[in-house]
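Enquirer: After the sequence you'll find the predicted model.
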Amino acid sequence: MTLSPQLFAVFATLIEEACGLHYGPKDKDLLAAKIVGHAEEAGHANLLDYYYRLRYDDPDGAALKELVEALLVHETYFFRELPPLAYLADVHLPAVLAKQPRARVWSAACATGEEPYTLAMLLDARGVLDRVDIVATDLSEAAIRTARSGRHGRRSVREGCPPLAQRYLESTPGGITVAPRIRDAVQFATQNLMLDTSALGQFDAILCRNVLIYFRDDQIAKLVHKLARHLTPGGLLAVGVSESLLRFGTTLACEERAGAFFYRVAA
Amino acid sequence: MSTPFQLTDAERVRVDRIDELVARGEVDALIAGLSDASWTVRRAVIAGLASLGDDAVVPLCDWIRYRRTGEAAIAAAVDTLVASRGRAVAQHVTALLHDARSDVAADAATILGRRRAPEAVGDLRRAAMNANDNVALAAIEALGRIGGAGGIDTLIDATHSENFFRVFAAIQVLATIGDPRAVDPLAALVADPMYRGVALEALGRTGSVQAVSPLLAAAGGEDLPAVACALAELVERAAWSGAEARVIEAIRTGITDLAPYTALLATEANDATLAKIASLVAALGTPRELPVLARSTHPATLDAIVQIVHRHPDALDAVLAGDDVRVKAAVLPVIGTQASAPAIRALLADDDDEIRARACEALARLGDTTAVPQLFALLDDPRPRVALAATAAIHSLHCAETEPHTLAVLRDGSPAARRYALRIVSYLGIASALDLVRAATRDPDARVSELAIATLGTIAEPSVDADLAALLARPVPATRRAAMRAIAQRGTALELLVRGLDDGEAWVRYYACQGLGRAAHVPAVPLLVARLRDPSAQVRLAALEALASIPDPAAAAAVLAAASSANPDERRAALLGMGLLPHEAALPLLLAATTAADPATYIVALSGLARQEGEAAVDALIAAARGSDVDVRDAAVSLLADRADREAADALIDIAADADDPHHPAHAALSQPSAARVAALRARCASADERTAAICAAALGRMRDPRATAALFELLAVPSAISRRIAATVLVEGGAPGARELVARMAREDPDPAVRRASAASSSGTTR
């Protein structure tokens, strides 16, 4: 089975419609490897049959979901790109809590959960974890299952951890286990960011890091607009260090806080 | 796809008015439009004025000289003169270059540079000495854009000016001018602490083997990372002109110990610097560097490991025996030596499924038939990726042991293993498996039985037709679907296929359509046309694809009609069908589809056009290749590269020449060997301006094809001095046999002094 440029284009469109992931021509081989495996596993003789099956004969979307699941990148680790998380835990959320009883944070593409767990550890170390609701979502059901389990592979600490991690992460023969107190502090759910997210409510901070790099510009603009609607007045949005929203001319203003860059709704 | 020219109603009115003004040749009114507040409207004014040619040139020059109202309008006026089709533009703009006002003179220099006007080089050289820095900088940059021997002396002089801005600009230009004489002045600036960093970078960007020596002389201490990055850049740029091997050889000669460079990978340098250093180590490294590289987590170090192992297969076993999954996964796809087969076979039992799968693929590539029994054991692997890789490897390693093992798995294997064994029967056509396959069609596992039916269809045994007919009569939809798929594949039972068009199960109708299309069964055309109204979309699409495969007027008419369907897949299927059946009426529809809003339809239309003859089809591909959507652009460039005609090769040269990005895919497309491309590159290089000639010669150098090398030698004798000089540089830098001697002779005998000087610089040695 080969993925011709035409088939690549229609599969890429289907996947982008489903979850926003954009595949350009340079990703053709990567996408082909995933698609061919799934098509063969599903018993299709050629990729066009498989495409039609996904597009026209997948009433509950299960087959497409299975393919998308295989495409998702769950590349993350504890204490990754720490400065924005440290700023939220040390400055922003304590300031919010000085004015209101509780604060809410959304980790919008948390993969296997290392990011929200890292934030939870930092907040616990500051003694404010009990007053912060951390909602963590990801498109991948498998990733959310791993996140909920609180059991991670050794690569999840590949960049090393600060001393405080010893209080919360236990190294076992099977990998890394998150302390129950931290695990219980994060509410995990599956969520497709391309679909309606309004039920999640408002947040004092949103983390959407290292996700936008997989999206096309127009999808990024839509998603950022959507995330902005979830921010409370004065709320902060953090994106990945290699992701900048400035070229989209969004209604968000970029600010540097203690060496980390955040976006907030412009006044 | 984004549409950059979406107009508001008010803008639309103004653009329409511009069209009228252009038609009437009303230059003054159009020039007033350069001040329009809308960028889109100003672009329309620029295009209109540029199309009027010389009629608009003097008024525009006067406007730049005397009016100059507003930065946006000035920029638009400059853009207009850059794009103007007038023949006298350079002459009139050169007059502006002598204006006493520095802003006017600087604009003039910019225009001349962007027009790449070689006739203005003399005036620009004088302007580069202008007392005003802005004028001088614009002139230096213009000389860089025009390129060629005429400006290089001025640029070298500018490096001695002791004026930071001019020296800095001259360094940037010398770095990319592609003339070997640029290296010495850049090397001299390395000694100046103020310019050291930028001069090192510039030496790297020259891509010249002669830059190796001054760079290595600067290596050491705190400059080592900068030198390493410059050397990496040098290797990358040299690859662009086919001189990579010579540059690497020169660096290897100069670096006795790579350890200080490798040690940089463990420092806190930024990502881009680490990637550059890793790429240098990749180009130069030996197995000695592998342990340090394996300790680094930077992704670029994996490429370095792969490249080193590729060059030193004897290091493979140690890498494969290591416990770094990341490294093993990266290395397995490049193994090409039989000696590593035992180590790879051991990896078939690795804990990591990706490693097991890649080991299967590696063994298949090596043709290691001794692995076949182990591969059959992997058909039961819990990970489909591994079982599929093992299946593909078994296909590829087909040997005497394959058949008995396949039959054994069919008889006694798990349901999953039986499915993979059925694939093997299907792929290899193992006739002795017929009875076991027949039995498997009654397997209690539905996935096994469906695959068995499909496999039955691949066995070249006439009695199978009756089996399939019987299966088609069964009530279970999945059974009928599998039977019809097999019948469609065999194409031997047209009557069953026709009957299948009325089956109650959509996928049965779908495969029936496919079978009739594959058989090009003309009598089925009216029935297939009727299926275009099927309630199931996939059936309509299969009917459409079938009709596109049948050479029949009614089928072609149906395909053409579907090109305007509201369903994007139907439209795409029709467009694809039009490409399969070149048809006069198809061309306008395919061309119209290139305005489609979604890239998928656009790309399908382009692929249809790629199969059509004629100028209009090539023009549409060119337009797409020049478009702003990168996906469409890359697809169009690739389709142009697939064409064997001269027009497509010429178009690729134009696209590459107009692109400022050295990584534009047109460059890579041009260096794919083909007779048409060699002919087009040679012809264009012989008569082109400096920049285009450099692009053509570099593409010929990268081709590494005897026809391309012969073309470069032929270019040493053409009338154009530019072409001779550039071809000589590419041949020597690429290390073509006999080139150095021939170019050394040109250094003495060529009638053009610039060619003699450049040839002397090129042929003087690898490391100065």
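Expert: Received, thanks.

Enquirer: Mind checking what secondary structure the nearest residue to B:Gly33 once chain neighbours are set aside has?
Expert: If the residues on either side of it in the chain are set aside, B:Gly33 comes closest to B:Val45, at 4.0 Å by Cβ to Cβ, 6 or more residues apart in numbering or on different chains. Quick note: C-beta positions are derived from backbone N, CA and C, even for glycine. B:Val45 carries the three-state label helix when classified by DSSP: H, G, I helix; E, B strand; the rest coil.

Enquirer: What is the neighbour count of B:Val45?
Expert: When neighbours are counted by other Cβ atoms under 10 Å in any protein chain shown, B:Val45 registers 28.

Enquirer: list the contacts for it?
Expert: By Cβ atoms under 8 Å, 6 or more residues apart in numbering or on different chains, B:Val45 lies in contact with B:18, B:30, B:33-34, B:36, B:76, B:80.

Enquirer: any idea how far it lies from chain A?
Expert: Using Cβ to the nearest Cβ, to the nearest Å, one obtains 25 Å as the distance from B:Val45 to chain A.

Enquirer: same question, B:Arg633
Expert: When Cβ to the nearest Cβ is applied, the distance between B:Arg633 and chain A equals 9 Å.

Enquirer: and if you look at B:Leu112?
Expert: When distances are taken as Cβ to the nearest Cβ, B:Leu112 and chain A turn out to be 32 Å apart.

Enquirer: Show me where chain B has its strands.
Expert: In chain B, no strands are found when defined by DSSP state E.

Enquirer: so where's it uncertain?
Expert: B:1-7, B:579-584, B:596-597, B:765-768 (pLDDT under 70).

Enquirer: And the stretch 151-267 of chain A, by the same measure?
Expert: Ranges of the stretch 151-267 of chain A meeting pLDDT under 70: A:159, A:247-250, A:266-267.

Enquirer: quick one: the helices in it?
Expert: A:180-184, A:217-229 (DSSP state H, counting those that start in this stretch).

Enquirer: Can I get the contacts of B:Val45 in CSV including neighbour count?
Expert: Shown next, in CSV, are the contacts of B:Val45 (neighbours: other Cβ atoms under 10 Å in any protein chain shown):
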residue, neighbour count
B:Ile18, 23
B:Leu30, 24
B:Gly33, 22
B:Leu34, 24
B:Asp36, 20
B:Ala76, 23
B:Thr80, 27
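
Enquirer: Including distance to B:Ala452, could the residues you listed go into CSV?
Expert: Conversion of the contacts of B:Val45 to CSV gives the following (distance: Cβ to Cβ, whole Å):
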residue, distance to B:Ala452
B:Ile18, 69
B:Leu30, 74
B:Gly33, 73
B:Leu34, 74
B:Asp36, 71
B:Ala76, 70
B:Thr80, 71
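
Enquirer: any idea what sits nearest the residue in the stretch 201-350 of chain B that chain A sits nearest to, other than its immediate chain neighbours?
Expert: When distances are taken as Cβ to the nearest Cβ, the stretch 201-350 of chain B reaches nearest to chain A at B:Thr297, 6.5 Å away. Across the structure, with Cβ to Cβ, 6+ apart as the measure, the residue nearest B:Thr297 apart from its sequence neighbours is A:Arg158 (6.5 Å).

Enquirer: where do the strands sit along chain A?
Expert: For chain A, strands defined by DSSP E occupy the ranges A:103-107, A:132-138, A:151-152, A:169-172, A:175-178, A:186-190, A:203-208, A:231-239, A:252-257, A:260-265.

Enquirer: Kindly reformat those as CSV containing mean neighbour count and distance to chain B.
Expert: Written out in CSV, the entries for the strands of chain A read as follows (neighbours: other Cβ atoms under 10 Å in any protein chain shown; distance: least, Cβ to the nearest Cβ, whole Å):
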stretch, mean neighbour count, distance to chain B
strand A:103-107, 26, 23
strand A:132-138, 23, 22
strand A:151-152, 20, 16
strand A:169-172, 14, 17
strand A:175-178, 19, 13
strand A:186-190, 17, 23
strand A:203-208, 25, 21
strand A:231-239, 21, 17
strand A:252-257, 14, 18
strand A:260-265, 20, 16
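
Enquirer: Could you save these as a markdown table and add columns showing distance to B:Arg383?
Expert: Formatted as a markdown table, the strands of chain A follow (distance: least, Cβ to Cβ, whole Å):
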| stretch | distance to B:Arg383 |
| --- | --- |
| strand A:103-107 | 30 |
| strand A:132-138 | 22 |
| strand A:151-152 | 20 |
| strand A:169-172 | 24 |
| strand A:175-178 | 19 |
| strand A:186-190 | 23 |
| strand A:203-208 | 32 |
| strand A:231-239 | 34 |
| strand A:252-257 | 43 |
| strand A:260-265 | 40 |
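
Enquirer: For the stretch 1-150 of chain A, what lies in contact range of chain B?
Expert: By the criterion of Cβ under 8 Å from any Cβ of the partner chain, the positions of the stretch 1-150 of chain A lying close to chain B are A:5-6, A:9-10, A:12-13, A:24-26, A:37, A:40-41, A:43, A:45, A:49, A:52-53, A:55-57.

Enquirer: hmm, back to that, what about the residue nearest to B:Thr297, how many neighbours?
Expert: Burial of A:Arg158, expressed as a neighbour count using other Cβ under 10 Å, amounts to 12.
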